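> Show me the folded form of this:
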Amino acid sequence: MFSFCTDPSALDGLDWLACYLTNGKHMAFWASFGTVILLLLITAPVALAFGFAGAIAARSHVLPLRLIGRTYTAMVRGVPDIVFFLFAPIAMDQGFEWLRHKAKCPDWDAPIRQGNDFVVCAEAKLPLSASPQWVHETYGFTLAVIAFAVVFGAFAANVLFGAMRAVPHAQIETAGAYGMSERQAFWRILVPQMWIYALPGLSNLWMILVKATPLLFLLGVEDIVYWAKELGGAKTSLFAYPHPDWRLYYFLGLLVFYLGLTKVSEVILARLTRRLSHGQATVAGEAQRKAAA
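Take a look at the predicted model:
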């Protein structure tokens, strides 16, 4: 990045450090922080959508939908998260490739399952081997987002299902007495009020999601944990910037990053709780009314 970085062996002191922290691999390391934030910003609403759909299905009067919703939450919650994080991307990847294989290579007569190998024709591979690197990274990141959304959507479904049941049923009955249909009572009475009951559970779920982002490393995405391990390890004179084992300092930096992210999340969630508590028949809502009086 700097003009004086052409010969790292001739550098020392702050010049060496400046060049070291701005070389190509370190720029990828800094960019990986954005990858984590992007994962959170995409996964949170997608998981919430999964959870909302699962909660609606679990309380449906239609038996098949109710079974699907409750099976989804029970199955995902009953299996270790890491199993789903490793299973879902592999299953989806092979499923997509199998469908493409059937469409693009109908004359293929060799078995797809060959021992431990999953073999499809070259045209069916995802992404194609000739695709640029960003396509491979985007594809892997998308599979990771879906895996996170499936797992955390099941927990969100359980939280939202409980929040829906926490809204006083008398309000739903009153809505019906005023002529509202069941659908209108659901969207105008139940849904607006359930969030204050769901927020404590969703807040905990958000914090767990933040803590789970290092699992990107297990899914093959070059995240901050991967780069901290890669850059912090001891480098000999074969490398442009040799140094001893600095993993302690890199992981200490990750510790500060996650603590800062957690603190910011706590502030935002506290403000959101105060806003949603306004006018509600909850402890926080009652405290606001007394303070206003």
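> how far away is A49 from A31?
27 Å (CB to CB, to the nearest Å). For glycine as for every other residue, the C-beta is placed from the backbone atoms N, C-alpha and C.
> how about the helix or strand harbouring A228 as PDB, C-alpha atoms only?
A228 is part of helix 224-232, with elements assigned from DSSP states H and E. The C-alpha coordinates for helix 224-232 follow below in PDB (Å, rounded to 0.1, in the frame of the first residue of the first chain):
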ATOM      1  CA  ILE A 224     -11.600 -13.600  11.000                       C
ATOM      2  CA  VAL A 225     -10.700 -16.800  12.900                       C
ATOM      3  CA  TYR A 226      -9.100 -18.300   9.800                       C
ATOM      4  CA  TRP A 227      -7.000 -15.200   9.100                       C
ATOM      5  CA  ALA A 228      -6.000 -14.800  12.800                       C
ATOM      6  CA  LYS A 229      -4.800 -18.300  12.800                       C
ATOM      7  CA  GLU A 230      -3.100 -18.000   9.500                       C
ATOM      8  CA  LEU A 231      -1.400 -14.600  10.100                       C
ATOM      9  CA  GLY A 232      -0.600 -15.100  13.800                       C
END
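> on contacts alone, who are the packing partners of it?
Taking 3 or more CB pairs under 8 Å, 6 or more residues apart in numbering; DSSP states H and E as contact, the helices and strands that helix 224-232 lies on are helix 24-58, helix 247-277.
> Just the buried residues of that helix, please?
Of the residues in helix 224-232, those with enough neighbours to count as buried (16 or more other CB atoms under 10 Å) are 224-228, 231-232.
> Other residues contacting that helix?
Residues outside helix 224-232 that contact it (CB atoms under 8 Å, 6 or more residues apart in numbering) are 25-26, 28-29, 32-33, 35-36, 214, 216-217, 245-251, 253-254, 257.
> Could you check how many residues crowd around the residue nearest to A166 when sequence neighbours are not counted?
Using CB to CB, 6 or more residues apart in numbering and skipping residues adjacent in sequence, the residue nearest A166 is Y197, 4.1 Å away. Under the neighbour criterion other CB atoms under 10 Å, Y197 is assigned a count of 20.
> Next: L190.
Using other CB under 10 Å: L190 sits among 19 other residues.
> What pLDDT does the model give the nearest residue to it once chain neighbours are set aside?
Nearest in space to L190, with sequence neighbours left out and distances taken as CB to CB, 6+ apart, is V167 at 5.4 Å. Per-residue pLDDT puts V167 at 85.
> just the helices in the stretch 1-150 of the chain please.
In the stretch 1-150 of the chain, helices defined by DSSP state H, counting those that start in this stretch lie at 13-21, 24-58, 63-77, 81-104, 133-166, listed in chain order.
> Could I get the buried residue list for the last one?
Buried residues in helix 133-166, defined by neighbour count with 16+ other CB under 10 Å: 139-141, 143-161, 163-164.
> distance between the host helix or strand of M194 and the chain's centre?
Take DSSP H and E as the rule and M194 turns out to sit in helix 191-212. Computed by CA atoms, centre = their mean, to the nearest Å, the chain-centroid distance of helix 191-212 equals 14 Å.
> Going forward, the N-terminal residue is numbered 477.
Done: numbering now begins at 477, and the last item shifts to helix 667-688.
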